[in-house]
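> Sequence first, predicted model second:
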Amino acid sequence: MFTGIIEEIGKVNRISKGSESAVIEINASKIMDDVKLGDSIAVNGVCLTCTKLVSNGFTADIMAETLRRSSLGELKAGSHVNLERAMKADGRFGGHIVSGHIDGTGIISEIRSEDNAVWYSIKASESLLRYIVLKGSIAIDGISLTVAYVDNECFRVSIIPHTLKETVLSERKKGDIVNLENDIISKYVEKLLSSDQGSSNDASVKKTSFEESLRRNGFF
């Protein structure tokens, strides 16, 4: 488990792509203090397993499902990435519960400054936006952020200077793809309240069933 508090910006040394999978090598320093083989490291929000320790970094395998669901396939030698080690049991919980299992990607549609903050608008699919709520948490490229606006097409976050300095978000521009992980609590709540929906994968069926469950439990 991670918290969405980025520890270090790493640099991709190389990425070797196969027909459906890839192997990535990342240069890092701070997080390598106690990294061991088999440890989990979030790379731009994607939980990867350290498969080899190399000079000033580590390597990890990226399976086909991860390439399909995330933006890791867009990386190349020289790309910067957000890095976070898995949270220790006695660690401080500074962000929110982040699993490192990406739900999908979004596209940056607008970037604008407001005094000392920078606003990022991100377009996403309905299947992702349905779990995003105003003032709720969202992980963007592994960064724990607070949702400041959401509608049926996009959501927005406001970024302080420290976050821009300590993450790769400062390098992102309009049109870039970012990894998104919704707050896992909302997905568990929906699953529990919508147990009567069976195994349907249809978004409209899930939405209707979820709303009916809320009504039955007195929320409407």
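That came through, no problem. Just so you know, these numbers come straight off a predicted model, no measurement behind them.

> S99: neighbour count?
Other residues near S99 come to 15 when the count uses other CB atoms under 10 Å. For every residue, glycine as well, the C-beta is placed using N, CA and C.

> meant to ask about S21, not that
14.

> For it, grab phi and psi.
phi -130, psi -180 (degrees, to the nearest 10).

> Check the offset of stretch 155-170 from the chain's centre.
14 Å (CA atoms, centre = their mean, to the nearest Å).

> and that stretch, average pLDDT?
Average pLDDT, stretch 155-170: 97.

> can you check stretch 36-54 too?
Stretch 36-54 comes out at a mean pLDDT of 97.

> for the protein, what spans make up the strands?
8-17, 22-27, 40-43, 46-54, 57-62, 80-85, 104-114, 117-123, 137-140, 143-150, 154-159, 177-182 (DSSP state E).

> I'd guessed I107 sits against R172; true?
No - judged on CB atoms under 8 Å, I107 makes no contact with R172 at a distance of 10.5 Å.

> So which of those two has more stuff around it?
R172 (18 against 14).

> ok so, going back, please produce TSV containing the strands of the chain, extended by distance to R215.
Below are the strands of the chain laid out as TSV (distance: least, CB to CB, whole Å):
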stretch	distance to R215
strand 8-17	47
strand 22-27	46
strand 40-43	38
strand 46-54	36
strand 57-62	43
strand 80-85	39
strand 104-114	28
strand 117-123	31
strand 137-140	26
strand 143-150	23
strand 154-159	26
strand 177-182	23
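
> Quick check: which of those is nearest to I97?
strand 137-140 (8.3 Å; CB to CB).

> out of the strands of the chain, which comes closest to G95?
Closest among the strands of the chain, using CB to CB: strand 143-150, at 3.0 Å.

> Residues contacting that closest one, please?
3-6, 45, 82, 94-96, 98, 119, 129, 132-139, 155-159, 163, 167, 169 (CB atoms under 8 Å, 6 or more residues apart in numbering).
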